[in-house]
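S.K.: fold the following, please.
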Amino acid sequence: SLSIQTANGCLSCGLYTRGPRNATNITQCACAAGFVEAYDNGVDKSGGFTCLCPPGYEKRGDAARNVACVMCESGSYKGDAREPLCFPCSQDNAVGPLGATSASQCGCPEGQYMRPDSTCAPCERGASCPAASIPSTIVLSPGRWRTEPNSTRIEACLSEAACPGGVGTSDHCPNGSTGALCAVCSGGYRRDTQGGCLPCEESDVQIADALPVAIVLLLLCPLLIGCCRQCMRRRRKARAAARQSEEGGASSEGEKEAANRAYRDSPKQASQRFMSSLIIKLKILTAHQQVLQGLAGVFRIRWPAAFKHLLAYLRVFQFDVISIAPIECIIPYDFLSALVVRTLVPLVLVILLVGTGQRALVFGYEALGYVLFNGGFLLTFLCYPSITQTVFRFFQRQSFDGDYGTYLIADYSVDTNGDAYKAMTPYAISMVCVWPFGVPLIIAILLWRSRAPLLEIRRRERLMAGVDAYNGQQWATHLSQRPGGGARDAR
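M.R.: Numbering: from 1, shown residues only. Prediction:
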């Protein structure tokens with residue numbers, strides 16, 4: 001420190017000061033570099049002053065007792081120059097800029113963000129938080145979305161292609177996408193197989209996309225060819241056995257066994273067994289595929305890209321023409337209008353087929369009547385799983401934070417608080433009574449009313465299974481007793 005000369009000697013200017021030699025007035029005193037002056041009278045130096053470290057700095061000395069003002073370390077701050085030291089931030093492991101002058105500059109460490117109450121919270125799943133993050137600086141991962149910049153509720157998008165991530169806001173969607181989760185296609189765009197939006201004039205069908213379908217077809221072709229060849233071999237064996245029986249009779253045990261096989265493997269019997277088995281397998285595969293399609297929507301499963309392409313092409317088994325064809329590029333529609341089409345059109349067709357079949361039976365056209373009647377039941381079987389899923393998806397909703405609202409999971413353009421959704425609710429409830437509950441109830445009633453004929457059919461099948469060999473022997477005897485009739489019967 002320096003001093004001032006007076007008649008009674010020299011007076012000290014104070015700590016951490018500097019000035020010229022032989023100073024005669026306190027106004028000639030000054031603070032050392034890095035310090036600021038605090039006037040005792042609040043006006044000027046005439047009343048005396050003190051040298052203090054400015055806000056954001058604190059006094060620190062070394063072994064030689066050299067004192068200087070140094071910046072507050074990260075995680076601390078000082079807002080008043082009269083405070084000698086920096087205050088630590090209230091957060092654990094806090095970070096912040098050097099020389100912070102306010103508690104608001106304190107931040108949370110990497111992997112955490114600061115809440116409005118100045119406490120740290122772990123970064124949400126699907127986002128990353130650099131050091132000193134606040135809600136508006138949280139970085140979203142690809143495939144994540146939030147309603148507004150200050151929201152800390154991170155939502156998973158339908159696919160990574162739909163949401164690019166970044167410092168996400170409600171408007172941070174790729175071109176052609178908008179709305180909740182970026183899941184709504186703007187005008188002139190349509191939904192592609194990856195969950196994103198494409199311009200209507202572009203196509204997302206590529207050679208790589210069609211490869212799974214081509215593989216499935218290539219695997220099915222040899223199977224069908226093999227089945228046809230097996231059927232042809234059985235026909236040839238049956239005709240050969242018939243000719244042999246016709247020429248020499250069936251007297252020996254070997255000939256009787258051959259005749260028995262010819263009976264079982266006759267062209268008519270073999271064709272019926274093959275078609276019956278094929279229809280059953282196709283029904284099982286169709287039902288399995290329909291259930292598999294529904295799992296993705298119910299449980300929000302993220303399938304691998306190749307499998308997702310395959311499911312997109314197999315949507316034809318859902319009998320959902322609206323979702324297969326880019327209808328949105330032709331006429332505007334949403335899930336509500338699709339619900340009406342998907343539930344009402346099959347219902348009308350089934351009623352027409354069954355009703356027309358019953359009228360045909362009344363007028364004596366039994367063959368036509370049974371075809372139409374069975375066609376109505378087959379259409380019901382094929383459409384039932386997908387329509388049931390569609391009806392129940394009407395009641396699946398997702399709420400978002402703040403005032404963003406609640407939307408239909410099947411179509412995020414439908415506001416469940418809107419008038420259109422409320423007006424469609426009675427219709428959806430009626431379709432729940434018709435399809436998920438009404439169809440099984442009607443089938444159960446028909447089966448109960450026909451229980452006597454069905455039990456009789458079951459009894460006959462068991463009886464025929466037990467006497468199949470006996471029928472073959474009887475048929476061999478019949479061939480040997482009727483010369484010239486074996487080939488005709490086998491055919």
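S.K.: Gly196 - how many residues pack around it?
M.R.: Counted by other C-beta atoms under 10 Å, the residues lying close to Gly196 total 24. C-beta coordinates here come from the backbone N, C-alpha and C atoms, glycine included.
S.K.: surely it is in contact with Glu160?
M.R.: No. Counting by C-beta atoms under 8 Å, Gly196 stays clear of Glu160, with 9.2 Å between them.
S.K.: so where's the stretch 51-200 of the chain shaky on pLDDT?
M.R.: 63-65, 168-171, 193-195 (pLDDT under 70).
S.K.: in the stretch 251-400 of the chain, which spans are helices?
M.R.: 253-264, 267-299, 305-313, 321-324, 335-362, 366-393 (DSSP state H, counting those that start in this stretch).
S.K.: which of the three states applies to the nearest residue to Leu347 once chain neighbours are set aside?
M.R.: Nearest residue to Leu347, sequence neighbours excluded (C-beta to C-beta, 6 or more residues apart in numbering): Val434, at 6.8 Å. When classified by DSSP: H, G, I helix; E, B strand; the rest coil, Val434 comes out as helix.
S.K.: what does Pro84 give?
M.R.: Look at Pro84: counting by three-state DSSP, its state is coil.
S.K.: Tyr57 is in contact with that one, correct?
M.R.: No. With contact defined as C-beta under 8 Å, Pro84 does not count as touching Tyr57 (10.6 Å).
S.K.: of those two, who's got more company?
M.R.: Each of Pro84 and Tyr57 had its neighbours counted (other C-beta under 10 Å), and the higher figure belongs to Tyr57 (21 against 10).
S.K.: who touches the nearest residue to the more buried one once chain neighbours are set aside in this structure?
M.R.: Closest residue in space to Tyr57, ignoring its immediate chain neighbours: Cys69 at 4.1 Å, by C-beta to C-beta, 6+ apart. Residues near Cys69 by C-beta atoms under 8 Å, 6 or more residues apart in numbering: Gly34, Phe35, Cys53, Pro54, Tyr57, Glu58, Lys59, Arg60.
S.K.: in strands only, show me those.
M.R.: Taking DSSP state E, the ones among the contacts of Cys69 that sit in strands are Tyr57, Glu58, Lys59, Arg60.
S.K.: neighbours of the last one, just the number please.
M.R.: Around Arg60 there are 13 other residues, counting by other C-beta under 10 Å.
S.K.: from Val70, how far out is it?
M.R.: Taking C-beta to C-beta, to the nearest Å as the measure, Arg60 falls 5 Å from Val70.
S.K.: same deal with the second one?
M.R.: Remark: distance between Glu58 and Val70 (C-beta to C-beta) = 7 Å.
S.K.: comparing those two, which shows the higher neighbour count?
M.R.: For Glu58 versus Val70, neighbours defined as other C-beta under 10 Å are more numerous around Glu58 (20 against 16).
S.K.: distance check, that one against Asp92.
M.R.: Distance, Glu58 to Asp92, by C-beta to C-beta: 22 Å.
S.K.: likewise Leu11?
M.R.: For Leu11, the distance to Asp92 - C-beta to C-beta - is 49 Å.
S.K.: for those two, indicate the residue with more neighbours.
M.R.: Leu11 (14 against 11).
S.K.: element containing that one?
M.R.: Assigned by DSSP states H and E, Leu11 belongs to strand 9-12.
S.K.: what is the following helix or strand past that strand packed up against?
M.R.: Once the chain leaves strand 9-12, the next helix or strand it forms, by DSSP H and E, is strand 17-18. Judged by 3 or more C-beta pairs under 8 Å, 6 or more residues apart in numbering; DSSP states H and E, strand 17-18 is in contact with strand 30-31.
S.K.: quick one: mean pLDDT over the strand it packs on.
M.R.: Taken as a whole, strand 30-31 has a mean pLDDT of 86.
S.K.: partners of that strand, with directions?
M.R.: Its sheet considered, strand 30-31 pairs with strand 17-18 (antiparallel) by DSSP bridges.
S.K.: Trp435 against Thr343, yeah?
M.R.: Yes. Counting by C-beta under 8 Å, Thr343 is a contact partner of Trp435 at 6.6 Å.
S.K.: any shared contact partners between the two?
M.R.: Joint contacts of Trp435 and Thr343 (C-beta under 8 Å, 6+ apart) are Ile387, Val391.
S.K.: mind checking how far the closest residue to Leu447 other than its chain neighbours is from His288?
M.R.: Of all residues not flanking Leu447 in the chain, Leu454 sits nearest, at 7.0 Å (C-beta to C-beta, 6+ apart). Distance, Leu454 to His288, using C-beta to C-beta: 26 Å.
S.K.: run through the residues that contact Gly126.
M.R.: Leu140, Ser141, Gly143, Arg144, Ile154, Ala156.
S.K.: give me the beta-bridge partners of Cys69?
M.R.: Under DSSP bridges, the beta-bridge partners of Cys69 are Lys59.
S.K.: and it, how far from Thr17?
M.R.: Cys69 sits 14 Å away from Thr17, going by C-beta to C-beta.
S.K.: thinking again about what came up before, present the contacts of Cys69 as JSON lines; the columns should include distance to Ala420.
M.R.: JSON lines is the format used below for the contacts of Cys69 (distance: C-beta to C-beta, whole Å):
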{"residue": "Gly34", "distance to Ala420": "69"}
{"residue": "Phe35", "distance to Ala420": "71"}
{"residue": "Cys53", "distance to Ala420": "66"}
{"residue": "Pro54", "distance to Ala420": "63"}
{"residue": "Tyr57", "distance to Ala420": "63"}
{"residue": "Glu58", "distance to Ala420": "64"}
{"residue": "Lys59", "distance to Ala420": "69"}
{"residue": "Arg60", "distance to Ala420": "69"}
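S.K.: which of these sit farthest apart?
M.R.: The distance between the two most remote of those (C-beta to C-beta) is 13.8 Å, for Pro54 and Arg60.
S.K.: confirm for me that Cys185 is in contact with Ser177.
M.R.: Yes. Cys185 is within contact range of Ser177, at 6.5 Å (criterion: C-beta under 8 Å).
S.K.: overlap in contacts, the two.
M.R.: Common neighbours of Cys185 and Ser177, using C-beta under 8 Å, 6+ apart, are Cys197.
S.K.: taking helix 335-362 as reference, get the angle to the helix or strand harbouring Ile445.
M.R.: Ile445 is part of helix 439-449, with elements assigned from DSSP H and E. With axes from the mean of the first three to the mean of the last three C-alpha atoms, to 10 degrees applied, the angle from helix 439-449 to helix 335-362 works out at 20 degrees.
S.K.: returning to that earlier point: between the ones in strands among the contacts of Cys69, which is closest to Ser118?
M.R.: Nearest to Ser118 among these, counting by C-beta to C-beta, is Glu58 at 21.8 Å.
S.K.: for Leu446, see how far away that closest one is.
M.R.: To Leu446, Glu58 is 89 Å away according to C-beta to C-beta.
S.K.: what do you get for Ala156?
M.R.: With C-beta to C-beta as the criterion, Ala156 and Leu446 are 45 Å apart.
S.K.: quick one, which of these two is more surrounded?
M.R.: Between Ala156 and Leu446, Ala156 has the larger neighbour count (other C-beta under 10 Å), namely 16 against 11.
S.K.: give me phi/psi at that one?
M.R.: phi -90, psi 130 (degrees, to the nearest 10).
S.K.: surely it is in contact with Gly143?
M.R.: Yes. Applying C-beta under 8 Å, one finds Ala156 in contact with Gly143, separated by 6.5 Å.
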